[in-house]
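Chemist: next one to model:
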Amino acid sequence: MISTAQVKCGAERTDLYYSHLRHKNIAVVANAASIVGKVNVVDTLIHMGLKVEKIFCPEHGFRSFADAGQPIRNSVDSATKLPVISLYGKKKKPDPADLKNIDIVVFDIQDVGVRCYTYLSTLSYMMEACSQANIPLMLFDRPNPNGFYIDGPVMDSSLYSFVGLHPVPLVYGMTIGEYSKMVNEEGWLKDRMICDLQVIPIENYTHQTQYVLPVNPSPNLRDMTAVYLYPSLCLFEGTIISVGRGTSYPFEIYGHPEFKGFSFEFTPEPMNGALNPLYYGQLCRGIDLRDFYKTHPRLFGRLNITWLFMAFRTMKSDPRFFNDSFDRLAGTCDLKKQILEGKNEQDIRNSWQNGIEKFKMIREKYLIYPD
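Modeler: Next up is the predicted model:
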C-alpha cells in the first residue's frame, strides 16, 4: 500500500514543469489548499523566479475560505500584490480581457471526487476560456481521496448546472487531471472546443492510495471523515435536513429540529464557512456518523443512500422534504421520484448500473494511474 508520504503531487514535481513556465507570463487558478509543502503554489512559483501575473480563484476564495455559496469579489492579494480575479461571483468564466498578455494558465485545485463539487465546473470554464484565447493550460494533478470507487446516477444533460456539467456518476473515481483529459477529449467543452492541455502527473499514486489531505479542501470539509462521508451526505443539501453546517463537524452528522427519538443533539451557530447556517439557533436531533466507517467498514467505498431514506421516513414523507436543488445535485429526476414511490435501495442502485458501466468504458481511456 502506497502511503501519503510517498506521494508527490504535480505541483511538487518542479523538474517536469519549470522549463515550460520559464520566461512566460503566468496566471494561476488556486485556493488555500493549493500548497507545495506548507506554501501556497503561487508563492512557490514566484520563489522559483517564475512570472506570475494574475491569480484566479474558485468558490470560497484564494488565501482563506469564504462561506459556501458566498459570492467572491475581485481583490488584490496582500502577500504578493497580484490581482485576484474571482470565478465565483459576477462571472464564473474569465473574460478575454482577463487573459490578455497571459502566456499560460496553471490550474492547481484539490478535488474530492464528487460531481457537485464546484471546482470541476471552474476547471471546465477555464479550459473553455483558454481554448478561445489560444492559451495553453497546465494542470498540476492531485490525488482524489474518493478515487477508489465509482457510484451514483449519471448526470442527465437536461439538469446541467454549476453543480454538474458533465455526464458522469456522482462519484467518478478519477483525479482532476484524468477528469480534465476526459472533458477535453470527449468534446464536453462548449461547442466541442479543445484546450491545449498538459497534465503534470502525481508520482507514486494509484486510485487505491489512501491519501490524507494535508489541508482542508473547502471550509466545511474539515477532516478525512467529512471527505469520505461527503459523497453520501451531499444530497441532503437538496432537502430540509441539516448536515451540521454551523457546528464543529459539518458533513459528519445530520438531523432536523423535528426528528424524534434520537439522543444526539446539535445546535447550528454562525461560524467561518457557515455564516447563516440552516436552523441557526435551533436544537436539532439526529445521527452522529463520526465513527461510522470504523464500525461499518464493509460500507466504505459506496454511496450510502440509506440515510436519505431514513431521514425521509423520519419526517413522515413530508412533501417539503426535497427542495428545488435536489434533482440538480442528484443529477437526475429519477431518484426523488423513486424515493417518493417507495422504491427500495437495491432497485434504485440497480437503476444506476447501466449508466455506470457505460461511463467506466469512457473513463478507462483517460486514466493516468492504475486502479
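Chemist: every contact and neighbour count from this point should use C-alpha atoms.
Modeler: OK.
Chemist: after the lowest-mean-pLDDT helix or strand in the chain, next one along is what?
Modeler: Lowest by mean pLDDT, DSSP states H and E among the helices and strands of the chain is helix 292-295, with a mean of 76. Next in sequence after helix 292-295, counting helices and strands by DSSP states H and E, comes helix 306-314.
Chemist: quick one: residues in contact with that following helix.
Modeler: Applying Cα atoms under 8 Å, 6 or more residues apart in numbering, the contact partners of helix 306-314 are 235-236, 241, 255, 259-260, 318, 321, 339, 345.
Chemist: mind listing what's buried in that helix?
Modeler: 308-309, 311-312 (16 or more other Cα atoms under 10 Å).
Chemist: just stretch 242-251 next, same as before
Modeler: When burial is assessed from 16+ other Cα under 10 Å, stretch 242-251 yields the following buried residues: 242-247, 249-251.
Chemist: nearest to residue 290, of those?
Modeler: Residue 290 has its nearest neighbour among the buried residues of stretch 242-251 in residue 249, at 8.4 Å by Cα to Cα.
Chemist: gap between that closest one and residue 68?
Modeler: Distance of residue 249 to residue 68, computed by Cα to Cα, to the nearest Å: 15 Å.
Chemist: same check on residue 74?
Modeler: On the measure of Cα to Cα, residue 74 and residue 68 end up 17 Å apart.
Chemist: dump the residue contacts of the spatially most central residue of the chain.
Modeler: Taking Cα atoms, centre = their mean, the centroid of the chain lies closest to residue 117, which sits 3.0 Å from it. Neighbour list for residue 117: 111, 163 [criterion: Cα under 8 Å, 6+ apart].
Chemist: again with residue 135
Modeler: Residue 135 neighbours (Cα under 8 Å, 6+ apart): 102-105, 196.
Chemist: which pLDDT value belongs to it?
Modeler: Note on residue 135: pLDDT of 98.
Chemist: so which helix or strand takes in it?
Modeler: Per DSSP H and E, there is no helix or strand for residue 135.
Chemist: same thing with residue 26?
Modeler: Residue 26 belongs to strand 25-29, assigned by DSSP H and E.
Chemist: and residue 274, bridged to which residues?
Modeler: residue 271 (DSSP bridges).
Chemist: in the sheet, who's paired with the nearest residue to residue 10 once chain neighbours are set aside?
Modeler: Counting by Cα to Cα, 6 or more residues apart in numbering, the nearest residue to residue 10 once its immediate chain neighbours are dropped is residue 140, at 4.4 Å. When assigned by DSSP bridges, residue 140 has beta-bridge partners residue 200.
Chemist: number of residues surrounding residue 140?
Modeler: 25 (other Cα atoms under 10 Å).
Chemist: pLDDT score assigned to it?
Modeler: The model's pLDDT for residue 140 equals 98.
Chemist: residues in contact with residue 63?
Modeler: 31-32.
Chemist: regarding it, what is its secondary structure?
Modeler: coil (DSSP: H, G, I helix; E, B strand; the rest coil).
Chemist: tell me the phi and psi of it?
Modeler: phi -80, psi -30 (degrees, to the nearest 10).
Chemist: repeat for residue 118
Modeler: The phi/psi pair for residue 118 (degrees, to the nearest 10) reads phi -70, psi -10.
Chemist: state the distance from it to residue 141.
Modeler: Using Cα to Cα, residue 118 is found at 17 Å from residue 141.
Chemist: which one of these two is surrounded by more residues?
Modeler: residue 141 (26 against 19).
Chemist: looking at it, residue 106 is touching residue 25, isn't it?
Modeler: No: counting by Cα atoms under 8 Å, residue 106 does not reach residue 25; the two are 10.6 Å apart.
Chemist: looking at these two, which one has more neighbours?
Modeler: Neighbour comparison, residue 106 and residue 25: the larger count goes to residue 106, with 24 against 16 (by other Cα under 10 Å).
Chemist: just checking: what are the partner strands of the helix or strand where the more buried one lies?
Modeler: Assigned by DSSP H and E, residue 106 belongs to strand 104-107. If you go by DSSP bridges, strand 104-107 pairs up with strand 25-29 (parallel), strand 137-140 (parallel).
Chemist: heading C-terminal from the first one, find the next helix or strand.
Modeler: Translated: strand 25-29. strand 35-36.
Chemist: what packs against that following strand?
Modeler: Using 3 or more Cα pairs under 8 Å, 6 or more residues apart in numbering; DSSP states H and E as the contact test, no helix or strand touches strand 35-36.
Chemist: helix or strand next in line after it, which one?
Modeler: For strand 35-36, the following helix or strand on the C-terminal side (DSSP H and E) is strand 39-40.
Chemist: can you tell me what sits against that following strand?
Modeler: With contacts defined as Cα under 8 Å, 6+ apart, strand 39-40 is touched by 32-34.
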